[in-house]
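A.B. asks: Sharing a sequence plus its predicted fold:
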Amino acid sequence: MTAKTQPSALPPLPRPPAAMRRNQALMVAGAIGSVVLLVIVLITMDMPPWTRVVTGLQRSFPPLWRGFSRPDWELFPLAFNAMTETFFMAILGTILGGVLAFSLAFLASGNLLGGTRWALPGKAILVAIRTFPEILLAIIFVAAAGPGPTAGIMAMGIHSIGFLGKIFSDVIEGIDQGPMEAIRASGGNQLHVFIHSVVPQVLPEFMSNLLYRFEINLRSAAVLGLVGAGGIGGPLIQRLQFRRWDEISMLLLVIIAFVVVVDAISSRLRRNLV
Amino acid sequence: MAADAGPVPGTLPRPPLAGRLRSLLTFAIAAAIVVIAYRQTNFNIASLFEGTSDFFKFLGRLAPDWSYLPSVWKPLIETLQIAYVGTFFGTLIAMPLIFLSSRNTANDPISMWIARILLTVLRSIPDLLWAALLVPILVVGPLPGAVALTMFTIGVLAKLGSETVEAIDPGPLEALRASGAGKVATIVFAVVPQVAATMISYILYSFEINVRASVIIGLVGAGGIGFLLQVRLNFFDYTAVGLIIVVIFAVVLIIDGISVWARSKLI
């Protein structure tokens, strides 16, 4: 037995460096600030009285539980067909967006236009499209063309341009200049450069992002029907108005199953692509 | 002379047959799916431009009525409040779920898989659908909207967060475990310092998504400016609808700009 070392004999920990202390102070200040802001927001917000919420919950919980514990399987064929329509809407919307974005992306790529500033108008258009909420596009198309899948497909197609165009132009701006120069040096014209050096380099990335957008669009296609733009959202909103929870739970089950399965397949395909 | 000339200059060698067949097959399958989709959905782009419901004429009717602007402020502020409350509580609930669902910080495999399945289900329901589901349960107004955004934020943030946590340097984690630190101490001193900046950036990103969502969830009765939009639409008051659309567009653009700027400062 050697000398007993007391825990208290340990030297105190060194003070953390100044930069770290400043960051910690900033984080604490940020946390306190956001809680204060939350209290202000909650006080000024137009919340219903808690007693009303609680009695409402007490009233709606038993039918909710009954509905969700026993989904109505008689509705399965209808739910499945509506979700298939949703699925096809998402496919067409993605393809439409892809084709339009493909042409716009080249107008937003600095390296093909001979300077970053020439790409600015194209980039601005893409930001504007990306920012405009998809469901508002759907409302406009439904009001103009009447309810149905066409309005939903158009909304998805137009909205997808923003995301896909940005990704596509990022990919184009990141390509290797070598093959382009090689084709120019061997006497190829702009078209040859485009077909034999730009397209082969960007195609796998394009396809991968098109699939990713398809996953996003399948989710939005499921809700576009809430404003009458086709797909499973239509039957869903009708039943929500009448609180038919057993039928709602069936529809939700089909939506979740479709989304999870399609996500799994699509992410597997994407892994093989890139 | 012709015997060993090799490939004729000017023609490229053909790609291998198997590769060509595979790309041909992929293309054929993709084309078939598109044709089926086209027929199944009765997609008809011409219907947008036919007769009385001409799309561009309709756009003309949406010309914004600027005198309606004062009635927009209150619901607009409510929209931002909903987005803030949803982001706050979503973040709060997502935090423990991040550590439960990440492989390197999980307590045990069973709770990890339960957390992961829960998060997958939360994520597979879009924000607008959450709102539509919660409105009949929680009284029309901002409350179901805030709860809907909370649900959606949990799904998105926990997914992004657990990807970040799983990618951290395992060194500090092992060092703390080796020195006998408890679970909470390990997470606070080994994981949090490594992920804090990225997480704050993700929280801002969630707020950005939530602002986008909060402007539209009112369409199904969950409060905010979307609710006003729904009411005006039902009255076919298209000039007011036009104005509301312009305001929504401007707000989303501004919040996006601020959030992108703040995030670029962080990392």
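C.D. replies: Arrived safely.

A.B. asks: lowest-pLDDT helix or strand in chain A?
C.D. replies: helix A:110-113 (a mean of 75; mean pLDDT, DSSP states H and E).

A.B. asks: can you pull the buried residues of it?
C.D. replies: A:110, A:111, A:112 (16 or more other C-beta atoms under 10 Å in any protein chain shown). Using the backbone N, CA and C atoms, a C-beta is placed for each residue, glycine as well.

A.B. asks: List the residues that contact the second one.
C.D. replies: What that stands for is residue A:111. If a contact means C-beta atoms under 8 Å, 6 or more residues apart in numbering or on different chains, then residue A:111 has A:172, A:173, A:175, A:177 as its contacts.

A.B. asks: which helices and strands does the lengthiest helix in chain A pack with?
C.D. replies: The single longest helix within chain A, with elements called by DSSP state H, is helix A:76-106. Judged by 3 or more C-beta pairs under 8 Å, 6 or more residues apart in numbering or on different chains; DSSP states H and E, the packing partners of helix A:76-106 are helix A:116-131, helix A:149-173, helix A:199-224, helix A:233-241, helix A:245-273, helix B:17-40.

A.B. asks: List the contacts of the closest residue to residue A:78 other than its chain neighbours.
C.D. replies: Excluding the flanking residues, the one nearest residue A:78 by C-beta to C-beta, 6 or more residues apart in numbering or on different chains is residue A:235, at 6.6 Å. Neighbouring residues of residue A:235 by C-beta under 8 Å, 6+ apart: A:78, A:79, A:82, A:225, A:251.

A.B. asks: Taking the residues you listed, please make a ChimeraX selection of just the buried ones.
C.D. replies: With 16+ other C-beta under 10 Å as the criterion, this ChimeraX line picks the buried residues out of the contacts of residue A:235:
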select /A:79,82,225,251
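
A.B. asks: Run the angle between the longest helix of chain A and helix A:116-131 for me.
C.D. replies: 160 degrees (axes from the mean of the first three to the mean of the last three C-alpha atoms, to 10 degrees).

A.B. asks: hang on, the earlier thing: between the helices and strands packed on helix A:76-106, which one is closest to residue B:166.
C.D. replies: Ranking the helices and strands packed on helix A:76-106 by distance to residue B:166, with C-beta to C-beta as the measure, places helix A:245-273 first at 16.3 Å.

A.B. asks: who are the neighbours in contact with the residue most central in space within chain A?
C.D. replies: Most central in chain A under C-alpha atoms, centre = their mean is residue A:216, positioned 4.7 Å from the mean C-alpha point. Neighbour list for residue A:216: residue A:163 [criterion: C-beta under 8 Å, 6+ apart].

A.B. asks: For it, give its distance to residue B:100.
C.D. replies: Taking C-beta to C-beta, to the nearest Å as the measure, residue A:216 falls 26 Å from residue B:100.

A.B. asks: Give me every residue in the stretch 151-274 of chain A lying close to chain B.
C.D. replies: A:153-154, A:219-220, A:222-223, A:226-227, A:230, A:233, A:236-237, A:240, A:243, A:248, A:252, A:255-256, A:259-260, A:263 (C-beta under 8 Å from any C-beta of the partner chain).

A.B. asks: make it 10 Å
C.D. replies: A:151-154, A:157, A:196, A:207, A:216, A:218-224, A:226-227, A:230-233, A:236-237, A:240-243, A:245, A:248, A:251-252, A:255-260, A:262-263 (C-beta under 10 Å from any C-beta of the partner chain).

A.B. asks: Please list only the buried members of these.
C.D. replies: For these, buried by 16+ other C-beta under 10 Å: A:151-154, A:157, A:196, A:207, A:216, A:218-224, A:226-227, A:230-233, A:236-237, A:240, A:245, A:248, A:251-252, A:255-256, A:258-259, A:262-263.

A.B. asks: Buried among the contacts of residue A:111? Make that a PyMOL selection.
C.D. replies: The buried residues among the contacts of residue A:111 can be selected in PyMOL (16+ other C-beta under 10 Å) with this line:
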select buried, chain A and resi 172+175
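
A.B. asks: Closest to chain B out of the contacts of residue A:111?
C.D. replies: Minimum distance to chain B across the contacts of residue A:111 is 18.1 Å, recorded for residue A:173 (C-beta to the nearest C-beta).

A.B. asks: if I pick residue 98, what's in contact with it?
C.D. replies: All of this is about chain A. Applying C-beta atoms under 10 Å, 6 or more residues apart in numbering or on different chains, we find residue A:98 in contact with A:157, A:160, A:161, A:164, A:165, A:168, A:206, A:207, A:209, A:210, A:213, A:214.

A.B. asks: hm, I was asking about chain B
C.D. replies: Counted by C-beta under 10 Å, 6+ apart, residue B:98 has contacts B:105, B:115, B:119, B:154, B:157-166, B:187, B:191, B:195, B:199.
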